[in-house]
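> This is a predicted model, with the sequence first.
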Amino acid sequence: MIRDNLAHMSEENSQYTGLILVSGIDSPGITKTLFDALAPFAVTILDIEQVVIRGRLILTVLISLNPDHAQAIDDDLELCAQSLNVDIATSFSEQGSSTIAAKSGLVHLVAMANPLAPSAIAAIAQGISSGGGNIERIHRTASYPVTAIEFTISGVDSVELRRHLAQVSTDHSVDIAVSPGGLMRWAKKLVILDVDSTLIQQEVIELLAAHAGVEAEVKDITARAMQGELDFAQSLHARVALLEGLPASIIDDVRKEITLTPGAKTLIETLHKLGHVVAIVSGGFLEVIEPIIKDLGISHYRANALEVQAGKLSGRVSGPVIDREAKAQALKDFAAIEGIDLAQTIAIGDGANDLDMIAIAGMGIAFNAKPAVKAAADSSVSAPYLDSVLYLLGISREDVESAGAQRK
């Protein structure tokens, strides 16, 4: 009796399956004709995957079937291949049901570069294998202005995978982001951005310094602060002191010199369209950047404030300094206001004063950043396009363009 029960359980836990691979020049009607050929048989569809690249189709279908029908199905598919002028290959076998069960704990990896070299993909695949992972799926999410490829991986922890791929990113000049799969991947997020050299292309204090004739001195202090060689608050006070006596009207002139980083507007508008929250935190100056922030529809922001006396800059800041600790606190505060868990936050920055918020965010992204910031961040973006961040989040170029079309 026990032996009979075990045999019955074995039959229940296995099934006869067929794998069908269709390849050839894509044309309308291929999918319909293929499934019309399968329709007369007692077949159940278990899995389908299709991709078209440069007009060439690859379609795979996994079915369960009565083994007595295998030859008839194979014969009909051969006729189908002739009528469609495509290649159809089949493989029939007994398989345990576990081989086709839905897999949990999947991890998503996005690799991004321009150009994307074969050696980079090979190194990524090696890193995945070394970490004990298996690639379940690969697909392209963007082809311009950078190429972005997403891997779906099973059997590996996301933190462990990041460790295995850390050196690959540097050695092969490819940006890599690793994130856990599951429903939370698409949950509402808070994305907080630094301003100078991240949201905008300039350093605001350097623009002000140029009007005061002290640009070289300020740049030197800025560089040392961003490299982490100087305490940010002290360096800020030292730089602002050099601006003493500038007329406050200079602020309007400087604002006109600011240009958004390419892709900044697309990033923010797309995130808003998808229901995410965007916030700004800056070691720069509120008087200069606030109108720009409001134009972008951003309601959460913090920055330093310049003290003005008798229509001139006093050489001092008013209120608390927005340093690296204050930036991290802003991230916590904004997340609390929106009811978003820190695990669902993303911090983007380029300098040493962004390190604390990058460290506590669910994903920290170094944008064209200093080496110390790249080393600390979960991922980095080397391309000069801020909307490339969307691809790291699993949003495709087609989705971005679709969101843009809806806004018009």
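Nice, thanks for sending it over.
> okay, CA-based contacts and neighbour counts for the rest of this
Will do.
> D252 and V288 touch, don't they?
Yes. D252 lies in contact with V288 (Cα atoms under 8 Å); the separation is 7.3 Å.
> who's more crowded, the two?
V288 (23 against 11; other Cα atoms under 10 Å).
> any idea which helix or strand comes after the host helix or strand of the more buried one?
Using DSSP states H and E, the element containing V288 is helix 286-295. Helices and strands here follow DSSP H and E; after helix 286-295, the next one along the chain is strand 300-309.
> List the buried residues for that following strand?
Using 16 or more other Cα atoms under 10 Å as the test for burial, strand 300-309 gives H300, Y301, R302, A303, N304, A305, L306, E307, V308.
> can you check stretch 205-217 too?
I205, E206, L207, L208, A209, A212, V214, E215.
> Pass me the low-pLDDT residue ranges in the chain, would you?
1-13, 96-104, 226, 404-408 (pLDDT under 70).
> for the stretch 201-350 of the chain, what spans make up the helices?
Secondary structure of the stretch 201-350 of the chain (DSSP state H, counting those that start in this stretch): helices located at 204-212, 215-226, 232-241, 250-257, 264-273, 286-295, 324-338.
> returning to that earlier point: Provide the angle between the direction of the helix holding V288 and the direction of helix 250-257.
On the basis of axes from the mean of the first three to the mean of the last three Cα atoms, to 10 degrees, helix 286-295 is oriented at 40 degrees to helix 250-257.
> Summarise which helices and strands helix 286-295 is packed against.
Helices and strands touching helix 286-295, by 3 or more Cα pairs under 8 Å, 6 or more residues apart in numbering; DSSP states H and E, are helix 250-257, strand 300-309.
> the inter-axis angle of the last one versus helix 286-295?
Meaning strand 300-309. Going by the same axes, to 10 degrees, strand 300-309 makes 150 degrees with helix 286-295.
> now do the shortest one
Counting by the same axes, to 10 degrees, helix 250-257 lies at 40 degrees to helix 286-295.
> what does helix 250-257 rub up against?
With contact meaning Cα atoms under 8 Å, 6 or more residues apart in numbering, helix 250-257 is reached by V204, L207, L208, H211, E287, V288, I289.
> give me that answer again for 6 Å
Identification of contacts with helix 250-257 by Cα atoms under 6 Å, 6 or more residues apart in numbering yields V288.
> Please give the centre-to-centre distance between that helix and its chain.
Remark: helix 250-257 is offset 33 Å from the chain centroid, using Cα atoms, centre = their mean, to the nearest Å.
> cool, stretch 245-259 as well?
35 Å.
> Endpoints of it, how far apart?
26 Å (Cα to Cα, to the nearest Å).
> quick one: buried residues of it?
Those would be G245, L246, P247, A248, I250, I251, V254, R255, I258, for stretch 245-259 by 16+ other Cα under 10 Å.
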